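Colleague: just coords:
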C-alpha cells in the first residue's frame, strides 16, 4: 500500500475541517511558536502544565503533546497526570524528547513516559532517538550530533533503526533532519522536504511536534499518513519561506515567512510539493 | 454623557505621555507579546511571578495585570500577594480569566481573585465571562465557544449581561470578540473594530489585557473610557495590519504588522478609526 | 594596547567557526529571543532551569548565562548548581542582573551569585550596575532610570565607576545604554553603536547577554575584546535594522530586522561599523 500525495492532502484538509484542540505541555522557549503553528495549520492550542489543572484541560481536548525541552518536577508530574487522562479518553499522545541524551533527567523522563503512556507518535532528531533506544549517543545539546545525522549513505540503516524503534515503542517514529525518516514497525518513508535554514531558528522541531498533535487527532485512523503529511507540510513551508528570502532578510524574516507558509498551506500545495519516497 | 472620539484619543495620549510601568503576572505563552505590546503603546512592562519578588515589583509600578493562562500554585500565590499590595497602593488591577470554564482551577482562581481583590477591569471572551457569571458555559479551550459569541442579533442581551456582570463584579467589563462589548453597571458600548485574522494568532487577547493595564494607570479617573479606548485601539491596529497583508503573507506577518500598527498608532488615527456605538 | 577593529572581527569569526553551545538560565519573557539570537550569531542554545537537570546540561556546554529577569526559588537554586559546575569546568559565566535595584530578591540574588561564582562578565544598564555597587539607585523596573543614564557629560565618571566595579567584582563590566561602557579594572572603552529604537522592544539586553556567552566561550583568552565585540555587533545590528524601517514599519518589524541583521553580520561589517573609543 503506497502512500499517495492525495493521502497527505486529505490529512491536511481534515485538520483544517475539524479544528482539533491540542493540549501542549511544552517548553517555555518555543511555547509561543507552538501555539501560533497550531493556529496556522487549522488547530487550536491550549497550554497548561500544573498537575491540578491538566486533567480538566486534557479532557476538553483532542490530543496531547508532551515536549520535555524545559522540565521541572511539577511539569513532569503534569505530563504523567495529563497522559493518564488522555490515555483513558483515547486521545493520541505525541512525545518530543527534546535533549534526550543531553541529561539523565531528560533521557529518563522520556523513557518513563514511553513506558507508562500509550504514546502514539515520537518525533525527534537522530541523537535523541538513539538516546531513547539506549544507545550511548552524544547529543549535542538540543541539536543533532553531526555524526548521527541521516544521510543518503546511511539511509537504509536509518530506516531499519526507525522501524525497530517503532516496533519496540509501539509508536509511529519520526526522525527529522536533513532527510526525515518516518516509520512504523513494518514500513518507512523518507521525506526530502525542508531546508537547512530551518536549523538556524529555534522551534522548528517543537512546532512540528505541536502540529503533529493536530494531525494525529484529525486523522486518528491513519497515524502513519498523518505523521508523514505533517512532516512534509512543515518541510515544504520551510522551502517556501526560504524562496522568499530577500537580500537583507535573515533568520528573523525566515521565522515569519515559515509561519506565513504554514498558515497559507493548502492541499494542492502539499500534493504537488511533498517529496516522499517509500523505503 | 456620550463617549466622544476625543475622549478616546486623550486616553491614548495619556499613556504615551505618562509611560506607565505595568507589572504583569501572565502566562508563558504570550508573555513576550505582552511586553512588546506594552512598549508599543507607550507603557513599560515588568514581569515577575515569584511571591517573594512581587511585593517589591508591584510597589514601583502603576498597574497590575493578572492573566491566568498558565497557572501553577506559586503563580496563584504571587497573584494574591501582588494584588493585595496593588490594592493598598490604589493601583488599578486588570484580570484576564484565560480559559475560565475550561478547568476548575482556572474558574475558581478567577472567582477567588475577583472576590478578594478590588479588580478594576475584567477582559475576556464571552465563554470566559459566562463562566465568571456562574453559567454552565462550555468553554472551547481558550477560544470562545461559537454558540456564546456576540452577534448583531444577541447584542442587546449581551449588553444587558455585561452591565449586570459589571454591577456584580464592581468592575469595568470588556467582552471581546467579533463585536466587543464594554460595560459598567449603567452603561455599555459596542466596538466594531478588529478583524477575524486576529483570532488566527495567539496573544491578541493577552496583549489587550496587558496594555489595558497601561491605559487604566494613565486614565485612572475614567476607567470606562480607558477600556473602550484600548479595545478600539487594538482592534484598529488589527484592521491596519490586515490591510497590509500581501499575497504571500500569512499569520507570521500579520503578527508583525499588528505590533507595527500598535506602535505607530496615534490620536488622529484612533479618533478617525474608532467604531464605537452606545448601547 | 589599543583595541583594533580586527580584534573585534576575529572575535566574531571565532564564534561563527566554533559554534559554542551556551546554557542559558534565563527569564521567560525573552527566552525565545535569546535562543534565536544565539543561533543568529553562530552559537547554539540550550535552556534548562531545573536543579536536577542543569549539572548535566552545563557539562556539555561551553558557557553559562544567568539572567535574573523572572526568578523563583527553583531557578535560583538551579543558577547556583549550574554555576558551581561551570566554575569547575572553567566555563565563562555571564550574569545579567535584570531589575537589580527593583526588588530585594533580584538585588540579593545578583549579589550572591557574584559572591559565590567566578562570574566572567556582567552586563546591565546603569541603574542595575549601581544597585550591584550598593548605591541606592532607584531602578525604573527593568529599564534604566533616566537620571542614571550614561551621557557625553558624565562619560568620564561612568568610565571610572565601571573600572572600579570591574575591579571589585573581578569581572568584565558592560554597562549598556545610549552609550555603552565596557571596562576591566585598568581599561575602559565607550561604544557608540546602537539606536534608541532598541529600547522600544523587549529583549535587546537579554539577547546581548545571551550571545555574550557565545563570544566569551569562543574568545576565552580575551574576554574584554569579546565583550566589546558583542556589544558593538548588536548595536550595529540595531543600526542596520533601523535603516531598513519603512513607512508602515513599527516595533514588530524592527524586532525582525534586528534578528536579520544579527544573523547576516560578518567580520567586514563589524570592522567598518564598530564605533569604539578608548577612554
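Modeller: Yep, that arrived. Keep in mind the model is a prediction, meaning the values are calculated, not measured.

Colleague: which residue ranges of chain A form helices?
Modeller: Under the criterion DSSP state H, chain A carries helices at the ranges A:5-18, A:31-41, A:51-59, A:73-89, A:104-116, A:126-132, A:155-169, A:204-218, A:223-243, A:251-264, A:267-273.

Colleague: including mean neighbour count and mean pLDDT, could the ones you listed go into JSON lines?
Modeller: C-beta here means a position set from N, CA and C on the backbone, and glycine is covered the same way. Supplementary listing: the helices of chain A in JSON lines, determined by neighbours: other C-beta atoms under 10 Å in any protein chain shown; pLDDT from 0 to 100:
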{"stretch": "helix A:5-18", "mean neighbour count": "19", "mean pLDDT": "96"}
{"stretch": "helix A:31-41", "mean neighbour count": "27", "mean pLDDT": "98"}
{"stretch": "helix A:51-59", "mean neighbour count": "22", "mean pLDDT": "97"}
{"stretch": "helix A:73-89", "mean neighbour count": "19", "mean pLDDT": "98"}
{"stretch": "helix A:104-116", "mean neighbour count": "18", "mean pLDDT": "97"}
{"stretch": "helix A:126-132", "mean neighbour count": "26", "mean pLDDT": "95"}
{"stretch": "helix A:155-169", "mean neighbour count": "18", "mean pLDDT": "97"}
{"stretch": "helix A:204-218", "mean neighbour count": "28", "mean pLDDT": "98"}
{"stretch": "helix A:223-243", "mean neighbour count": "25", "mean pLDDT": "98"}
{"stretch": "helix A:251-264", "mean neighbour count": "25", "mean pLDDT": "98"}
{"stretch": "helix A:267-273", "mean neighbour count": "16", "mean pLDDT": "97"}
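
Colleague: out of the ones you listed, which comes closest to residue C:55?
Modeller: In terms of C-beta to C-beta, the element of these nearest to residue C:55 is helix A:104-116, at 9.2 Å.

Colleague: count of neighbours near the closest residue to residue A:192 other than its chain neighbours?
Modeller: Distance criterion C-beta to C-beta, 6 or more residues apart in numbering or on different chains; nearest residue to residue A:192, sequence neighbours excluded, is residue A:275 at 4.1 Å. The tally of other residues near residue A:275 (other C-beta atoms under 10 Å in any protein chain shown) stands at 15.

Colleague: tell me the contacts of residue A:275?
Modeller: Taking C-beta atoms under 8 Å, 6 or more residues apart in numbering or on different chains as the contact definition, residue A:275 lies against A:191-193, A:232, A:235.

Colleague: ok, 10 Å please
Modeller: A:179-180, A:190-194, A:232, A:235-236, A:239 (C-beta atoms under 10 Å, 6 or more residues apart in numbering or on different chains).

Colleague: just residue A:127 next, same as before
Modeller: For residue A:127, the contacting residues are A:99-102, A:135, A:137-149, A:175, A:177, by C-beta under 10 Å, 6+ apart.

Colleague: repeat that for residue A:168.
Modeller: A:114, A:132-134, A:185.

Colleague: now swap in residue A:20 and tell me
Modeller: With contact set as C-beta under 10 Å, 6+ apart, residue A:20 has these partners: A:14, A:38, A:41-44, A:61-63, A:91-92, A:211, A:213-220.

Colleague: and the spatially most central residue of chain A, what is it in contact with?
Modeller: Using C-alpha atoms, centre = their mean, the residue of chain A that lies closest to the mean C-alpha position is residue A:209, 2.6 Å off. Counting by C-beta under 10 Å, 6+ apart, residue A:209 makes contact with A:24, A:26, A:30, A:34, A:37, A:65-67, A:69, A:94-98, A:121-124, A:174, A:176, A:230.

Colleague: what number of residues lie near the nearest residue to it once chain neighbours are set aside?
Modeller: Excluding the flanking residues, the one nearest residue A:209 by C-beta to C-beta, 6+ apart is residue A:96, at 3.7 Å. Neighbourhood size, residue A:96 [other C-beta under 10 Å]: 29.

Colleague: okay, and the beta partners of residue A:96?
Modeller: Beta bridges link residue A:96 to residue A:67, judged by DSSP bridges.

Colleague: distance-wise, check it relative to chain B.
Modeller: Distance of residue A:96 to chain B, computed by C-beta to the nearest C-beta, to the nearest Å: 17 Å.

Colleague: and that residue, what pLDDT?
Modeller: At residue A:96, the model reports a pLDDT of 98.

Colleague: test my guess that it contacts residue A:123.
Modeller: Yes: counting by C-beta atoms under 10 Å, residue A:123 is a contact partner of residue A:96 at 5.5 Å.

Colleague: need the overlap of contacts for those two.
Modeller: A:65, A:67, A:174, A:205-206, A:208-210, A:212.

Colleague: quick one on the thing from earlier: what about chain B: which of the contacts of residue A:20 touch it?
Modeller: The subset of the contacts of residue A:20 within reach of chain B, by C-beta under 10 Å from any C-beta of the partner chain, is A:38, A:42, A:44, A:61.

Colleague: wait, the last one sits on residue A:217?
Modeller: Read it as residue A:61. Yes: counting by C-beta under 10 Å, residue A:61 touches residue A:217, with 8.1 Å between them.

Colleague: need the overlap of contacts for those two.
Modeller: Common contacts of residue A:61 and residue A:217 (C-beta under 10 Å, 6+ apart): A:20-22, A:91.

Colleague: okay, now residue A:221: neighbour count?
Modeller: Using other C-beta under 10 Å, residue A:221 has 7 neighbouring residues.

Colleague: pLDDT value on it, please?
Modeller: So, for residue A:221, pLDDT stands at 95.

Colleague: next one: residue A:140
Modeller: So residue A:140 comes in at 67 (pLDDT).

Colleague: now the two most distant members of the contacts of residue A:275.
Modeller: Maximum pairwise distance among the contacts of residue A:275 (C-beta to C-beta): 15.8 Å, between A:190 and A:239.

Colleague: now do the same contact list for the spatially closest residue to residue A:87 that is not a sequence neighbour.
Modeller: Leaving aside its chain neighbours, residue A:87 sits nearest to residue A:118 (5.3 Å; criterion: C-beta to C-beta, 6+ apart). Shown in contact with residue A:118 (C-beta under 10 Å, 6+ apart): A:83, A:86-87, A:90-93, A:170-171.

Colleague: ok, so of these, who is nearest chain C?
Modeller: For those, the closest approach to chain C (C-beta to the nearest C-beta) belongs to residue A:83, at 19.0 Å.
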